[in-house]
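Student: 3D, please:
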Amino acid sequence: MRITPVILILILVISAFLPACKERKKDVINTPSNPDSIATMVTRNVKTLISDSGMTKYRITSMIWYVYDEAKKPCWKFPKGLLLEKFDSDFKVEATIRCDSALYLKNERVWRLDGNVRISNVKRELIATEQIFWYQDLHEVRSDSFVHIEKSDRIIEGKGFRSDENLTNYLILSPSGIFPVPQNSNNSLQ
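Tutor: Numbers count the residues shown, from 1 in each chain. From the prediction side, this is the model:
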C-alpha cells in the first residue's frame, strides 16, 4: 500500500488537531477566603491626580499604593509614605501633606496619616504631628496628638488640633507657645 502525498497531508492535519480535542488540564488557584488580606490592585511609583465633582483637586505621589476594593471596609493603603497636594480652582497648590504612611477609608471618605506628618498651607505655615485625620465630607482635619505649628512670627505647640481642610483656620485644644519678643536696643528685658 502506497501513501500518496494527499493522504500524508491529511494525516498530518488530523494529527495536528487531535490534541485540541483532549480535555485540558485546569490549574486551580485558591484565593484567600478573606478579601481584607489581599489587595485588588498594587501600584508602584504612583503619581496620580484625583478629581472631585469634575475638578482636579488632589495629586498623590507614593512609592506603593495598595487598593482593597473587595474588603469589608474598602480602603487604600500607602505603607511607604505619601505626598498629597491639594489644589484650588486655578490648579495652584493650597496645601501640601507628607507622612510616613497613610490609610484612606473609601466609603467613609476619611484619611488617616501617620508618622512624621508635615503639612504646609497657603500662609506658609508648617504643621507637624504624628497622626492626623482628614474628614473629607466634613471638610475638617483633626488630631489628638501633639501638634507643632510654625508661623512667620511665632511657634505654637499643644495637644489636639481642629482645622478646616485648607488648614488656614485652626484651633489648638490644649495650647502652649513660644512667642518671640522684639528687642529694643534702649530697653532691656527685666
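Student: ok, residue 86 to residue 92 distance?
Tutor: 10 Å (C-beta to C-beta, to the nearest Å). All C-beta spots, glycine's among them, are computed from the backbone N, C-alpha and C.
Student: neighbour count winner among these two?
Tutor: Between residue 86 and residue 92, residue 86 has the larger neighbour count (other C-beta atoms under 10 Å), namely 20 against 8.
Student: Could you give the secondary structure assignment for that one?
Tutor: Under DSSP: H, G, I helix; E, B strand; the rest coil, the three-state class of residue 86 is strand.
Student: and it, how far is that from residue 52?
Tutor: Residue 86 sits 10 Å away from residue 52, taking C-beta to C-beta as the criterion.
Student: shared neighbours of these two, which are they?
Tutor: Taking C-beta atoms under 8 Å, 6 or more residues apart in numbering as the contact criterion, the residues that touch both residue 86 and residue 52 are residue 58.
Student: any idea which helix or strand comes after whichever strand in the chain runs longest?
Tutor: With secondary structure taken from DSSP state E, the chain has its longest strand at strand 55-68. Elements were assigned by DSSP states H and E; along the chain past strand 55-68, the next helix or strand is strand 75-78.
Student: Show me what that next one is packed against.
Tutor: For strand 75-78, the packing partners by 3 or more C-beta pairs under 8 Å, 6 or more residues apart in numbering; DSSP states H and E come out as strand 55-68, strand 101-105.
Student: Would you single out the least confident of those strands?
Tutor: The stretch with the lowest average pLDDT out of the helices and strands packed on strand 75-78 is strand 55-68, scoring a mean of 93.
Student: which parts of that strand are buried?
Tutor: 57-62, 64-68 (16 or more other C-beta atoms under 10 Å).
Student: can those residues go into JSON lines with extra columns for distance to residue 163?
Tutor: Putting these into JSON lines (distance: C-beta to C-beta, whole Å) gives the following:
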{"residue": "57", "distance to residue 163": "17"}
{"residue": "58", "distance to residue 163": "17"}
{"residue": "59", "distance to residue 163": "20"}
{"residue": "60", "distance to residue 163": "20"}
{"residue": "61", "distance to residue 163": "22"}
{"residue": "62", "distance to residue 163": "23"}
{"residue": "64", "distance to residue 163": "28"}
{"residue": "65", "distance to residue 163": "26"}
{"residue": "66", "distance to residue 163": "28"}
{"residue": "67", "distance to residue 163": "28"}
{"residue": "68", "distance to residue 163": "28"}
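Student: give me the low-pLDDT residue ranges for this structure?
Tutor: 1-33, 177-190 (pLDDT under 70).
Student: Please, where are all the strands along it?
Tutor: 41-52, 55-68, 75-78, 82-87, 93-99, 101-105, 110-121, 126-135, 140-150, 155-164, 170-178.
Student: Lovely, talk soon.
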